[in-house]
Each structure stands twice: as C-alpha cells, then as structure tokens.
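> generate a structure from the sequence data that follows.
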Amino acid sequence: CDLGGNFVDALKSALADGMPVLKLLNVASNKLGPDGSVAVLKGIAVRRTGSLEWLSIRNNQAGMESARELEKILLGRETLPGEGLRHLDISSNSLGSAGCKMLVKGISCSKSLRVVDLGDNLIGSEGATAIAEILTAPLGPPLHTLRLKGNQLGSKGSEIIIESLKKNNALRILDLQNSHFTLSELDIKEALCENKALTQLDVRTNSLHEKLVMSFKEICEVRQDLKIIT
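Predicted structure coming up:
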C-alpha cells in the first residue's frame, strides 16, 4: 500500500484517542518515510493502555528518528507482568548502527519483547556491540527470536554476536543470513557448545569456507537440539 498523509494523521489521532483494544498494528511497506513513521509512533506513545503486543513498521524508510521514538515508547511502557509489546519488526528501515544503538536502549528495558527483527538496516559492528549488551545482560529482555539478516556485521560484528551467546540462556532463534558473516571454526564451536539455549541458527547466503561448514556439522552432532541452516 501507499498510505497518504491524511491517513497517517487519522491513524495517529485514533491511536492517541485510545482505541478500545489494539493488539496488532501492521503498517509495513507503506512508504511512510521518516515523518509518517514518527507520526504513527507518536500516536502509539500517548496511548494509555499497554494492550499493543505486535508492531510492524517494516520497509518504510523510517530512519533514525523512528528509532528514537521507539526507544521512548519502550522506555516509557512499564506494564504489568505478561503485558506489553511482544513482537517488533522494524526491518528494512535504514537505521544504521546509530539508530540501532538508540533502539537497543529501549529494548533492554522491555520485560515482554520476545521477537525482534532488525534485518536489512545497515547495522555494522558498533550496532552489534549494542545488541550483544542486551543478549548478555543478566536482567535483559526475554528475547526468543532475533533477526539480523542483511546487515553489515562483517568479521568483527559476527564475532561480537556469536561471543555473546556464551552468556545468553534465553535466545532460541538467531537469523544471520546475508550479514557478511565470517568467523573462525574454533570461535563458533566454542560459543555454540557452551550455549545451551539456541535451537536454530540461520547463516545462509554468507561466504562460508569449507572448514566452517564442517565445524557446523560437528557442532550439530554434539548438540542435536540445534539446527544450523547453511
């Protein structure tokens, strides 16, 4: 779809006026741009209810300002146990590492988020460092699924994310497709054998050397509960 400015204004107003119960909001791929995305998020921010559980603003070129608004929402929405945002998809929005770092501040305070999709956001090693901090925090969010596909992690960012798995006992699914993933077979083997929680790692469309692929197979023989998709 291609939502116009009038629709965005109407949606913002409806959100701010307090629609009775809103569990899911999907405005993905609507060419909102930075201004439209921020307007929608501002509408969410002033709601007086914690009923929203599923939010997608994927593929709207939302930019850094939207990351800032999401940070405010997550920091300001302390709700009762079991309430609050559970699924957040902000993929394909050109956040960059700077936007990612802003958003992670909010994510780190969430007690409800289970699924976060940060794919295709030009996130590099600095963003990976921020993400690793929430994965290793003793009282971090209860993330079940983290999607980072299509970013620019490179060797340094890959190492940071994989190393963080040693101290994470909650994450079940990690998507690193097409993220310029490069890592030594020794590093990956140590991290994945030490981690006992992860059940799926997706590393498709990366330039994986033969020794690393063999290492993945050996890891899966030891950890039969873990599926590595190459």
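
> so which residues of the protein form helices?
For the chain, the helices defined by DSSP state H cover 5-17, 33-45, 63-76, 96-107, 125-136, 154-164, 185-194, 210-222.

> reformat those helices as CSV; add mean pLDDT, mean neighbour count and distance to residue 204.
All C-beta spots, glycine's among them, are computed from the backbone N, C-alpha and C. Formatted as CSV, the helices of the chain follow (pLDDT from 0 to 100; neighbours: other Cβ atoms under 10 Å; distance: least, Cβ to Cβ, whole Å):
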stretch, mean pLDDT, mean neighbour count, distance to residue 204
helix 5-17, 64, 14, 36
helix 33-45, 89, 20, 29
helix 63-76, 89, 20, 27
helix 96-107, 95, 22, 22
helix 125-136, 96, 21, 19
helix 154-164, 92, 20, 14
helix 185-194, 88, 17, 15
helix 210-222, 91, 14, 12
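
> as TSV, these with distance to residue 170 would be great.
TSV is the format used below for the helices of the chain (distance: least, Cβ to Cβ, whole Å):
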stretch	distance to residue 170
helix 5-17	30
helix 33-45	26
helix 63-76	17
helix 96-107	13
helix 125-136	8
helix 154-164	12
helix 185-194	15
helix 210-222	20
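
> for residue 118, which of these is the nearest?
For the helices of the chain, proximity to residue 118 was assessed by Cβ to Cβ; helix 96-107 is nearest, at 6.4 Å.

> ok so, going back, out of the helices of the chain, the one nearest residue 230 is which?
Ranking those by distance to residue 230, with Cβ to Cβ as the measure, places helix 210-222 first at 6.0 Å.

> and that closest one, how far from the chain's centre?
Put simply, helix 210-222 sits 26 Å off its chain's centre (Cα atoms, centre = their mean, to the nearest Å).
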